[in-house]
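In: Below are the sequence and a predicted model; questions follow.
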Amino acid sequence: MSHPKFILVSDPATPLVGTFVYGMVYQHKDLVNGYVKVHGGGWYLKDDEKKTMTLYGSSGDYGEPKLSFLNRIPRELREYTFFFTPIWGLPGNKLDLSDVEWF
């Protein structure tokens, strides 16, 4: 059974730039493509009506997400407001996406 999970990854050529990778997968490692450095991950709740993306939790494979590596986000999420909370059900903090590259 797949679940909504995300990770933050950096390519070796740009080790200080993290990319948001998300999808419905069984394990976080199923989101890894190629040789990359993973900076943690977690779960997400995407609300298409409210245009929100709530990130929460921690990856069993890679640990807590290091949000300083949330530098690049897929263009299809550009209109979404991102929030983070360590525990599902707690109010999330709005994330500043002003310096994000939308690809």
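Out: Happy to help now that I have it.
In: switch to C-alpha atoms for all contacts and neighbour counts from now on
Out: OK.
In: Distance from the chain centre to stretch 26-43, please.
Out: Its chain's C-alpha centre and that of stretch 26-43 lie 10 Å apart, by Cα atoms, centre = their mean, to the nearest Å.
In: What of stretch 89-96?
Out: 13 Å.
In: quick one: contacts of that stretch?
Out: 54, 81-85 (Cα atoms under 8 Å, 6 or more residues apart in numbering).
In: Which member of those is positioned nearest residue 73?
Out: residue 82 (10.7 Å; Cα to Cα).
In: And that closest one, how far from residue 52?
Out: From residue 82 across to residue 52, the span is 6 Å (Cα to Cα, to the nearest Å).
In: Looking at those two, which one has more neighbours?
Out: residue 82 (20 against 17; other Cα atoms under 10 Å).
In: Surely the more buried one touches residue 50?
Out: No - look at residue 82 against residue 50 with Cα atoms under 8 Å: they stay out of range, at 11.1 Å.
In: you'd agree residue 22 is in a helix?
Out: No - Residue 22 sits outside any helix when classified using DSSP: H, G, I helix; E, B strand; the rest coil, being strand.
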